[in-house]
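K.L.:
Just to be clear, the model below is a prediction. Sequence and coordinates:
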Amino acid sequence: MAVPGKVILYPQPARNGRVHAAYVMAQSGTATLTVYNLAGQMVAVIKDTVGQGGQVTGWDVGTWASGVYFVKVNLDYNDGSGADLPLAKFLVVR
């Protein structure tokens, strides 16, 4: 499900439980997912140490308010290089 250069968020919309982000790492390193609400306020930062290839990082949104959220994914590779993936959005519905 992971596509190079893109973040895929599912399920859409999120009703309970967890949201998952699928993305591709060019090499091993750390993925930092920063989540913002519609007002631009940072609501979560998720760090995941991952290997090369397709990855999925999930987090709990069971207590989050209904609304639109945006995810910025920054990839920091072990060799010191990195990449920023395009902003992705998801919806939480209660």
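P.N.:
In hand now; what should we look at?

K.L.:
List the residues that contact the closest residue to Tyr23 other than its chain neighbours.
P.N.:
Counting by C-beta to C-beta, 6 or more residues apart in numbering, Tyr23 lies nearest to Val7, which is 5.1 Å off, once chain neighbours are set aside. C-beta: built from backbone N, CA, C; applies to glycine. Counting by C-beta atoms under 8 Å, 6 or more residues apart in numbering, Val7 touches 21-23, 71, 73, 85-86, 88.

K.L.:
and these, which two are the farthest apart?
P.N.:
Ala22 and Pro86 (13.6 Å; C-beta to C-beta).

K.L.:
Specify which residue of those two has the higher count of neighbours.
P.N.:
Counting neighbours by other C-beta atoms under 10 Å for Ala22 and for Pro86 shows that Ala22 has the greater number, 18 against 9.

K.L.:
tell me the pLDDT at the more buried one?
P.N.:
With respect to pLDDT, Ala22 scores 95.

K.L.:
That one and Asp79, how far apart?
P.N.:
In this view, Ala22 and Asp79 are 23 Å apart by C-beta to C-beta, to the nearest Å.

K.L.:
try Gln12
P.N.:
For Gln12 relative to Asp79 (C-beta to C-beta), the value is 34 Å.

K.L.:
quick one, what contacts the residue sitting furthest away from the middle of the chain?
P.N.:
What lies farthest from the middle of the chain is Asp79; by C-alpha atoms, centre = their mean that is 21.8 Å. By C-beta under 8 Å, 6+ apart, the contact set of Asp79 is Gln27.

K.L.:
which SS class is it?
P.N.:
Using DSSP: H, G, I helix; E, B strand; the rest coil, the secondary structure recorded for Asp79 is coil.

K.L.:
where do the helices sit along the protein?
P.N.:
Using DSSP state H, no helices are assigned anywhere in the chain.

K.L.:
show me where it has strands.
P.N.:
Taking DSSP state E as the test, the strands found in the chain are 8-10, 18-25, 29-37, 42-50, 53-60, 67-77, 82-92.

K.L.:
Distance to Ala2 added to those strands, as TSV?
P.N.:
Putting the strands of the chain into TSV (distance: least, C-beta to C-beta, whole Å) gives the following:
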stretch	distance to Ala2
strand 8-10	7
strand 18-25	4
strand 29-37	11
strand 42-50	11
strand 53-60	3
strand 67-77	11
strand 82-92	11
